[in-house]
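Participant: need a 3D model of the following:
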Amino acid sequence: MEKKFTPFVPEKTDLPEFTFKAVFFGAIFAVILGAANTYLGLKAGMTVAATYPAAVMAMVILKPLRGSVLEENIFRTTAAVGEALAAGAIFTIPAFLISGLWNRLHYFTSTMLMLVGGVIGVLFVIFLRRTLVEDTTLPFPESVATAEIVKAGQKGQSGAIYVFSAMGVGALIEFFKNSRGLQIIQSFVNGFISFGKSTISTGKFLTKEFTGGFYISSPAASPAFMGVGYIIGARLSAVVFSGGVFGWLFLVPLLSLINSGFQLPANTNWVEFSEAVWKFQVRPAAVGAMIVGAFYTLYKMRKSLLDGIIRAIGDIKGGAIASTEKSRLEKDLPYAGVVAAILILLIPITIIYYYFTHNFWGALISAIIMTIAGFLFAAVAGYLVGMIGSSNNPISGLTLSTLIIAAILMVLIGIKGDPGVAAVLGVAAVVCASSGVAGDIMQDLKVGHILGGTPWKMEIGVIIGVITASLVLAIPMQWLHQASRGGIGGADLPAPQAGLMAMLAKGIVAGQMAWGLVLAGMLFSVGLILINSPSPMLIAVGMYLPFETTFAIFIGGLIRAVVDAWIKKRNLPDDKKQRAENTGTLLASGFIAGEAITGIILAGLYVAKVKLPNFVETTAWGKALGPWLGLLVFALVAYAMIYYPIKNAKKD
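Facilitator: Below you'll find the predicted structure:
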């Protein structure tokens, strides 16, 4: 007989829950965590789940205000959605800039795409919540871990000291490392090793002398990137770095050698030349590899995807039953109101699509595609989060599928060029935001289910979090675009997923794509699949990112490997293993948040024309000392992320 589920807080309770302080602070942290993940996603091509740090922030902020565990639940649910919305936004909205449709971020359009996508994602999930959170076959790994952190926090074990200490250290390092700050730390050093002249023959066709060499770089002295590597672990960080090795240490030297056969200036800067080869020749190949990698990821999940779609249809049929449930623990927002809200939101989004296409049928088809794909992929995202956690939610693959369908339909109805590209990216932006938010809040609703939260109150909290974050996130995105070398899509903010969306939309709708390079990348990804390589998608992302970025992520993975090896050697019990893992995750999250928030603030100061002295670029002592201080960053981060998890694991 199956054991009856008992929530942490019983159904009958007089604990306060949906209060002003819980929602207010939750909305503020939705913006903070969303902005931090916007920075991270644009720089590293990935985001990290905000559920853990949001849970700790809730305990720290509300405990002195005598907040209950249910108020902490509302705070966490409202705050964590900012990260999910940011993930949806940075995968698609920067594509308008990268594709050349915009020369600066359009605040109103960007905000509406995020707002509609995010809110619709919440509304879709309301139909799915009960079936998914009560399904005992779905493990919800990250939800269970978060609930345990919250329960431990009620006994005074919040782990807040690790998050806030790491945030302070990460912020301080970024202030002295960022080129827009008071720079005395050099993030990385690079150079070029020439392998001289080589005579290369293609038999009777050509024999010629070529020259070239290897671009080399240190890892970036970035606590945030090392934090990402620590969170995803040694295995996945090595997979990402393998893409960097293949792209930068194989393809760049090979293509540099071939390109040297052209008439290059005698004083060619080979470091700059290597970077140009990567940007204009390796990255299109990486895009091709990402396309195949994304669809292969969906193919591997085909059974789960199909189950998710079947569940979505079943939940709609059984919706009336759930909507009449009287228990506090089972009550969602009224379904009739949810359907009405979805229909109302279709009006502004259809107007935006008409603004893009100047074609009524194009706008209508875009809205229909967005609605159908949005609901199906919200269901799929929610189901996958239940299986593998939100950190592994493949929203870029789901969005890519929508983008291709929308692009083909635009071509079929005769909408080509920039209007068609804009409409396709608009559909992708809403679906991506919807899928990201749906997966994240399903995870948070499961945490609330375990803790005894009231569903409809959590759902309102999430909607408030989405609206608040939507109104703000376009601002730090624009600041970063203005303050970074090359803007979004450049070396400082490569935004790989947005680059993929932009190139694919332009390739299908506008006919602008380096198809030879893209096709080569696609075939490379097929080769990876044939040898059963781990995650061709992650390898392709590694090819697309700067080498110093993937190298730093790999260093973070190695740090995690040291901790894992120590734990394994001592055969620790599960509770001590979990304690060490939670400590490391909280430290890594703090490093990420501290660096990201400081980077955004410095970008805002730069846009406001507040310029701080850059000692690395302008002084001899800064140039000499900068790399050594960068080396010190690695030692400091490694010490913190090894010593404190092990110290906590030793405690009885």
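Participant: helix or strand with the lowest mean pLDDT in this structure?
Facilitator: Ranked by mean pLDDT, DSSP states H and E, the helix or strand of the chain with the weakest confidence is helix 319-323, at a mean of 47.
Participant: F195 in helix, strand or coil?
Facilitator: Three-state assignment for F195 (DSSP: H, G, I helix; E, B strand; the rest coil): strand.
Participant: coming back round to it: give me the next element, helix or strand, following the least confident helix or strand of the chain.
Facilitator: Toward the C-terminus, helix 319-323 is succeeded by helix 335-357 as the next helix or strand (DSSP states H and E).
Participant: buried ones in that following helix, by neighbour count?
Facilitator: By 16 or more other Cβ atoms under 10 Å, the buried positions in helix 335-357 come out as 335, 338, 341-342, 345-346, 349-350, 352-354, 356-357. Where you see a C-beta, it was placed from the backbone N, CA and C, and this is true even at glycine.
Participant: I'd like the next helix or strand past it.
Facilitator: Following helix 335-357 toward the C-terminus (DSSP H and E): helix 360-388.
Participant: you'd agree E11 is in a helix?
Facilitator: No: counting by three-state DSSP, E11 is not part of a helix but coil.
Participant: look up phi and psi at it.
Facilitator: phi -60, psi -50 (degrees, to the nearest 10).
Participant: go ahead and confirm it touches S327.
Facilitator: Yes: assessed by Cβ atoms under 8 Å, E11 is found in contact with S327 at 6.1 Å.
Participant: wait, is I200 part of a strand?
Facilitator: Yes: membership of I200 in a strand is supported by three-state DSSP.
Participant: that one: neighbour count?
Facilitator: 13 (other Cβ atoms under 10 Å).
Participant: could you find the closest non-adjacent residue to it?
Facilitator: Leaving aside its sequence neighbours, I200 sits nearest to F210 (Cβ to Cβ, 6 or more residues apart in numbering; 5.3 Å).
Participant: list the contacts of the one helix or strand the one you found maps to.
Facilitator: Using DSSP H and E, the element containing F210 is strand 207-217. Contacts with strand 207-217, where a contact means Cβ atoms under 8 Å, 6 or more residues apart in numbering, come from 188-201, 248-249, 252-253, 256-258, 260-261, 270-271, 274-275, 278, 546-548, 551.
Participant: now do the buried residues in that strand.
Facilitator: 211-215, 217.
Participant: got it, and stretch 413-420?
Facilitator: If you call a residue buried by 16+ other Cβ under 10 Å, then stretch 413-420 has these buried ones: 415, 419-420.
Participant: just give me the least confident of those.
Facilitator: Among these, I415 carries the weakest pLDDT, at 79.
Participant: low-confidence ranges in the stretch 401-550 of the chain?
Facilitator: 401, 510-513 (pLDDT under 70).
Participant: for I460, what are its contacts?
Facilitator: Contacts of I460 (Cβ under 8 Å, 6+ apart): 18, 333.
Participant: try the one 3 residues further on
Facilitator: By Cβ under 8 Å, 6+ apart, the contact set of I463 is 119, 122.
Participant: for it, what is the enclosing helix or strand?
Facilitator: helix 455-483.
Participant: just the buried residues of that helix, please?
Facilitator: For helix 455-483, by 16+ other Cβ under 10 Å, it's 455-470, 472-481, 483.
Participant: again with stretch 142-151
Facilitator: For stretch 142-151, by 16+ other Cβ under 10 Å, it's 142-143, 145-150.
Participant: now do stretch 609-625
Facilitator: The neighbour-count check on stretch 609-625 (16+ other Cβ under 10 Å) flags 614-616, 622, 625 as buried.
Participant: what average pLDDT does stretch 280-290 get?
Facilitator: Stretch 280-290 shows a mean pLDDT of 83.
Participant: ok, and what's touching it?
Facilitator: 243, 247-248, 251-252, 255, 496-497, 499-500, 503-504, 513-514, 517-525, 528, 536-537, 539-541, 543-544.
Participant: PyMOL command to pick out the buried ones of those residues?
Facilitator: PyMOL command restricting the contacts of stretch 280-290 to the buried ones, with burial defined by 16+ other Cβ under 10 Å:
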select buried, resi 243+247+248+251+252+255+496+497+499+500+503+504+513+514+517+518+520+521+522+524+525+528+536+537+539+540+541+543+544
